[in-house]
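>>> Got a predicted structure plus its sequence, pasted below:
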Amino acid sequence: MEQGKFEMFQNRLEKVYRHRSKQARRQGIDCFRIYDHDLPEFPFIVERFDDKLYVSEYKRHHDMEDTAYEFWLERSKEIMAVVTGIAFENIFARMRQRKSGRKGQYQKLDEEKNEFVVKENGLSFFVNLTDYLDTGLFLDHRITRQMVREASNQKSVLNLFAYTGSFSVYAAAGNASSVVTVDLSKTYLDWAKRNMELNFSSFPNHHIVHADVKQFLKEEKKSRYDIIVLDPPTFSNSKRMEDILDIQRDHVELVNDCLELLHPGGVIYFSNNFTKFELHTSEIRSKEIKDITKATTPFDFEGKLNRPCYKIRKM
């Protein structure tokens, strides 16, 4: 690749980094997205996690031989180091592929155990940039998490498809009366438990449930909640599930099952990552459905965020 392309990449990266790092400093944020495939020749997502960079490269067909590709990747990382001031050895790159199902998210990729703690809105979270497909903290829901925190005072909160429990931590920080964290992965539930312990010396009303969410919703008859966080994968065919999850096909059933578990006036924060998602509003048993996608889009995702987000109230 000719030098001019690399100069173009550096100029673009400098421009967005200058703007976004200033906004991050103003908001007291250590973790933010810098770059998202802005130039077709450089198909990266670049995110800053404190003093480290996490770089995801979109899988694509290119005409480069292996040696040329390695040079291109190393040169790109050198530019990232120069622009951000982050040491080259603190840049962690990974190939980003379309996942065939949620089960892929649970697969361990490495054993480097490069785990460290980052801060977000005064709360602490373990992240890992090498061992899993995802880092442990999805940056696009930073505002949604804060919404849940501000709504949680003396409320009972149910966090479904909880991943590493960041919404649970925010709910506890918002003085929730109880928090229930549900996921199918024991690995991520343990991560959620450690995230909670990282922030609170004691929070006895945090209950961790290892379960298939679809089954959990059908079987949970006694408890009622004030807030439910519902952030499912687009698709899951994990062998540990009794059924395949397809969010477009299944979202009405999931949302209505959640509504059954809410106290009157309770709310669901519902989101997913299916870019072509269509909410079947007429089939959902609520008369108050608010699209909060724009309101929950952080500064570093403006114009790049395809995930929808809704606030659904039980009347």
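The structure has been received and is ready for your questions.

>>> domains of this protein?
Partitioning the chain according to automatic domain parsing yields domains covering residues 3-97, 136-313.

>>> tell me the most buried of these?
Among the domains of the chain, judged by mean count of other Cβ atoms under 10 Å, the one packed with the most neighbours on average is domain 136-313 (a mean of 18). Every C-beta, even on glycine, is put in place using the N, C-alpha and C of the backbone.

>>> quick one: low-confidence parts of the stretch 1-150 of the chain?
Judged by pLDDT under 70, the stretch 1-150 of the chain has its weakly predicted residues at 1, 96-113.

>>> Strands of that one, start to end?
31-36, 44-49, 52-58, 91-96, 115-120, 123-128 (DSSP state E, counting those that start in this stretch).

>>> Which neighbouring elements make contact with the fourth one?
Packed against strand 91-96 by the contact rule (3 or more Cβ pairs under 8 Å, 6 or more residues apart in numbering; DSSP states H and E) you find strand 52-58, helix 66-84.

>>> can I get the ones you listed in a markdown table with distance to residue 253?
Below are these laid out as a markdown table (distance: least, Cβ to Cβ, whole Å):
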| stretch | distance to residue 253 |
| --- | --- |
| strand 52-58 | 32 |
| helix 66-84 | 43 |
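
>>> follow-up on the earlier one: now tabulate the strands of the stretch 1-150 of the chain in TSV and tack on distance to residue 67.
Converted to TSV, the strands of the stretch 1-150 of the chain look like this (distance: least, Cβ to Cβ, whole Å):
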stretch	distance to residue 67
strand 31-36	25
strand 44-49	20
strand 52-58	17
strand 91-96	17
strand 115-120	33
strand 123-128	31
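
>>> With respect to residue 243, which of these lies nearest?
Nearest to residue 243 among the strands of the stretch 1-150 of the chain is strand 91-96; the distance by Cβ to Cβ comes to 27.7 Å.

>>> could you check the angle strand 44-49 makes with the closest one?
Angle of strand 91-96 versus strand 44-49, following axes from the mean of the first three to the mean of the last three Cα atoms, to 10 degrees, is 140 degrees.

>>> Run through who's touching strand 91-96.
Counting by Cβ atoms under 8 Å, 6 or more residues apart in numbering, strand 91-96 makes contact with 45, 52-59, 73, 77, 80-81, 114, 129-130, 133, all of which sit outside it.

>>> Could I get the CA-only coordinates of that strand as PDB?
As requested, the backbone C-alpha atoms of strand 91-96 are provided in PDB (Å, rounded to 0.1, in the frame of the first residue of the first chain):
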ATOM      1  CA  ILE A  91      -2.200  -2.300  21.300                       C
ATOM      2  CA  PHE A  92      -4.200  -5.500  21.100                       C
ATOM      3  CA  ALA A  93      -5.500  -6.400  17.600                       C
ATOM      4  CA  ARG A  94      -8.100  -9.000  16.700                       C
ATOM      5  CA  MET A  95      -9.900 -10.200  13.600                       C
ATOM      6  CA  ARG A  96     -13.600  -9.300  13.800                       C
END
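
>>> in its sheet, what does the longest strand along the chain sit against?
With DSSP state E setting the assignment, residue counts place strand 262-271 as the longest strand in the chain. Next to strand 262-271 in the sheet, as set by DSSP bridges, lie strand 225-230 (parallel), strand 309-313 (antiparallel).

>>> Show the subsequent helix or strand relative to the longest one.
Proceeding C-terminally, strand 225-230 gives way to strand 235-236 as the next helix or strand, assigned by DSSP states H and E.

>>> Quick one: mean pLDDT for the following helix or strand past that following strand?
Per DSSP H and E, the first helix or strand lying C-terminal to strand 235-236 is strand 245-246. Averaged over strand 245-246, pLDDT sits at 91.
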